[in-house]
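S.K.: Quick one, structure for this:
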Amino acid sequence: MANEAVTYACEMGLASVYTDHSLFGFDDIASIILNRVSKSTLPTVGAAICVSHTCCDNFILRAHMLPSIVHVIPNAVHTSKFIPDLSITVVVVSRLVYRNGVILLVGIIPPICK
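M.R.: Just a heads-up that it's a prediction; the model follows:
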């Protein structure tokens, strides 16, 4: 869906920014197909954002992007700069998989709800 969106944005003369969160491989058929699609659609974006330096390196290789337009914004919270209000509402928008830190929710949600 993202590849389609950036393609339409390019055709309509709109600037677009692509955000990459995944580490796709290079050796299975699904990754090979996605990498080929990415090579043709993603060079049309004005900028790309990756959530880690590893993801950035992988993305540049997979999509043949110019390193100068790919930026890293770490997928984390700087705990010394973010001090939550104690009367907060917890909203989690995520795939509930171990790799995305869902195991941390199991430990943190009960104390917050007390």
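
S.K.: which residue ranges form the strands in the protein?
M.R.: Ranges of strands within the chain are 17-20, 47-50, 70-72, based on DSSP state E.

S.K.: Give the full set of residues in contact with the residue lying closest to residue 19 once chain neighbours are set aside.
M.R.: If the residues on either side of it in the chain are set aside, residue 19 comes closest to residue 49, at 4.7 Å by Cβ to Cβ, 6 or more residues apart in numbering. Quick note: C-beta positions are derived from backbone N, CA and C, even for glycine. Contact analysis of residue 49 by Cβ atoms under 8 Å, 6 or more residues apart in numbering lists 17, 18, 19, 20, 70, 71, 72, 73.

S.K.: most neighbours per residue, which of the strands of the chain?
M.R.: strand 47-50 (a mean of 20; mean count of other Cβ atoms under 10 Å).

S.K.: How far off centre is that one?
M.R.: Computed by Cα atoms, centre = their mean, to the nearest Å, the chain-centroid distance of strand 47-50 equals 8 Å.

S.K.: circling back to that earlier point, and the strands of the chain as TSV, adding distance to residue 31 and mean pLDDT?
M.R.: Below are the strands of the chain laid out as TSV (distance: least, Cβ to Cβ, whole Å; pLDDT from 0 to 100):
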stretch	distance to residue 31	mean pLDDT
strand 17-20	14	82
strand 47-50	17	88
strand 70-72	19	90
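
S.K.: As JSON lines, those strands with distance to residue 8 would be great.
M.R.: Shown next, in JSON lines, are the strands of the chain (distance: least, Cβ to Cβ, whole Å):
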{"stretch": "strand 17-20", "distance to residue 8": "13"}
{"stretch": "strand 47-50", "distance to residue 8": "17"}
{"stretch": "strand 70-72", "distance to residue 8": "21"}
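
S.K.: wait, residue 22 sits on residue 54?
M.R.: No - between residue 22 and residue 54 there is no contact under Cβ atoms under 8 Å: 11.1 Å.

S.K.: Can you tell me the number of residues neighbouring residue 42?
M.R.: Neighbour count of residue 42, defined by other Cβ atoms under 10 Å: 22.

S.K.: Roughly how far does it sit from residue 65?
M.R.: 6 Å (Cβ to Cβ, to the nearest Å).

S.K.: what do these two both touch?
M.R.: residue 48.

S.K.: Thank you kindly, that will do.
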